[in-house]
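A.B. asks: the sequence and its predicted three-dimensional model are supplied below.
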Amino acid sequence: QALLVESGGGSVRTGDSLRLSCVVSGGAGSIRTVGWFRQAPGKEREFVAGMRWSSGVTNYASSVTGRFTISGDTTKNTVYLQMNSLTPADSAEYYCATTTSFLLQAMMPTPGRYDTWGQGTQVNVSS
């Protein structure tokens, strides 16, 4: 089973950018779909972005479309989430997730379809 380690979180101000990274080890070759989710205190975990690892097909939450970009580097077994024009509403713990299944775009937002999760990286955006 793959091991996921996120990094790149931090404290920034409204309008700033951050790039999150998720390094995949131990089973990266079997991954078919990757996703980023986030969870703010007192709220449910919500989908941010997803991508089929080989084809690059993506899906985004409407709240981040046009501001966030998910990408991957198969040579480094790393998934990225570029976040631009951040607002306080983006403050949350961000989690990387993977599955060995090919997920349709409509299936990517469902947390239960992912079988491996990272430990999370915190993003705080102040006004």
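C.D. replies: Nice, I can see it. Numbering: from 1, shown residues only.
A.B. asks: so where do the strands sit in this structure?
C.D. replies: 3-7, 10-13, 18-25, 33-39, 46-52, 58-60, 68-73, 78-83, 92-99, 116-117, 121-126 (DSSP state E).
A.B. asks: which neighbouring elements make contact with the last one?
C.D. replies: With contacts defined as 3 or more Cβ pairs under 8 Å, 6 or more residues apart in numbering; DSSP states H and E, strand 121-126 has these neighbours: strand 10-13, strand 18-25, strand 92-99. All C-beta spots, glycine's among them, are computed from the backbone N, C-alpha and C.
A.B. asks: can I get the ones you listed in CSV including distance to S63 and mean neighbour count?
C.D. replies: Converted to CSV, these look like this (distance: least, Cβ to Cβ, whole Å; neighbours: other Cβ atoms under 10 Å):
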stretch, distance to S63, mean neighbour count
strand 10-13, 17, 14
strand 18-25, 16, 19
strand 92-99, 11, 23
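A.B. asks: and for the nearest residue to Q39 once chain neighbours are set aside, the neighbour number?
C.D. replies: In this structure, Q39 finds its nearest non-sequential neighbour in R45, 4.3 Å apart by Cβ to Cβ, 6 or more residues apart in numbering. A count of nearby residues for R45, using other Cβ atoms under 10 Å, gives 15.
A.B. asks: hmm, R52 and G35 touching each other?
C.D. replies: No - counting by Cβ atoms under 8 Å, G35 stays clear of R52, with 10.3 Å between them.
A.B. asks: who's more crowded, those two?
C.D. replies: Legend: neighbour count by other Cβ under 10 Å for G35 and R52, higher for G35 (27 against 20).
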